[in-house]
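1. what's the 3D shape of this:
(one chain, ligands or ions: 1)
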Amino acid sequence: MTLLRSRRSVRVFQERPVPEALLEQVLEAARWAPSPHGRQPWRFVIFSDRERKERLIERMSAAWEAQLRLDQQPEEIIALRLEKSRQRIRQAPVLILACLYLEDLDRYPDAERQENERIMAIQSLGAAVQNMLLMAYELGLDTGWMCAPLFCPTVVCEALELDRRLHPQALITLGYAAADPKRRPRLPLETLVIRLDRRRSGEREEGDVS
Ligand SMILES: Cc1cc2nc3c(=O)[nH]c(=O)nc-3n(C[C@H](O)[C@H](O)[C@H](O)COP(=O)(O)O)c2cc1C
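-> This next block holds a predicted model:
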């Protein structure tokens, strides 16, 4: 519980590099996540070199800028958000691009079941990423989650020259936090949980004798 409650998203990192052995443990943690039919529909692309980062930044910024303009965001906000995002990628010691890999999923004749198969794969990718975030924190590392690649997957594949069977979903930044960010509060359990197994006072269960 201490580990679960202590992890928090980090958006600014030290320059300190991530030891290879720790990175491998983080990736190993992802491998053990549950997945539909045990198919492990994920692949993780790792990079840390300046050249790739800059290529990704340039290509993703152009795509995001166009989307922000569509939303009619003010110019200064567009510039600010883009610069923040660029900085996050530029100064992250390691980047993990979490991709869906759908080739091994079951095939169905109808579109609805196929779509559900895809959704299950996405759900399991989330479980794999969470394993990584927790393992990283356990090892004294910190992580951040950037959803940006989901909005321009083709651009990301081109920038990193990836196999087109990979579907970028999230960019995870990994390193050592520059400062300890605040932990965000959570909704109370009463809001999140619907306890059908608990009777409210005054309610009767079948078989009750009055
Ligand atoms: C699917 C998903 C997408 C997210 N995308 C972003 C993102 O693009 N940028 C960002 O700063 N944080 C992103 N986050 C992190 C959330 O903002 C963060 O987890 C949440 O505010 C709770 O804070 P905590 O992680 O510090 O507990 C994302 C988290 C998830 C699960």
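
2. Tell me the residues of this structure that contact the ligand?
-> Neighbours of the ligand within the chain, by C-beta under 6 Å from any ligand atom: 8-9, 11, 145-148, 184. The way it works is simple: take the backbone N, C-alpha and C, and place the C-beta from them, glycine included.

3. can we see that at 8 Å?
-> If contact is defined as C-beta under 8 Å from any ligand atom, the residues of the chain in contact with the ligand are 7-9, 11, 88, 126, 129, 133, 144-148, 170, 181, 183-184.

4. remind me which residues of this protein are low pLDDT?
-> The model of the chain has pLDDT under 70 over residues 199-210.

5. Show me the strands paired with the strand ranked longest in the chain, marking each as parallel or antiparallel.
-> As assigned by DSSP state E, the longest strand anywhere in the chain is strand 166-175. The pairing partners recorded for strand 166-175 under DSSP bridges are strand 94-101 (antiparallel), strand 142-146 (antiparallel).

6. quick one on the thing from earlier: which of the residues of the chain next to the ligand fall within helices?
-> Cross-referencing those with the helices (criterion: DSSP state H) gives 88, 126, 129, 133 as the overlap.

7. What count of nearby residues applies to the first one?
-> The number of residues packed around residue 88, counting by other C-beta atoms under 10 Å, is 20.

8. And it, how far from residue 178?
-> Applying C-beta to C-beta, to the nearest Å, the value for residue 88 to residue 178 is 12 Å.

9. and for those two, which residues touch both?
-> When contacts are counted by C-beta atoms under 8 Å, 6 or more residues apart in numbering, the set common to residue 88 and residue 178 consists of residue 12.

10. Quick one: residues contacting residue 13.
-> For residue 13, the contacting residues are 91-93, 142, 173, 175-178, by C-beta under 8 Å, 6+ apart.
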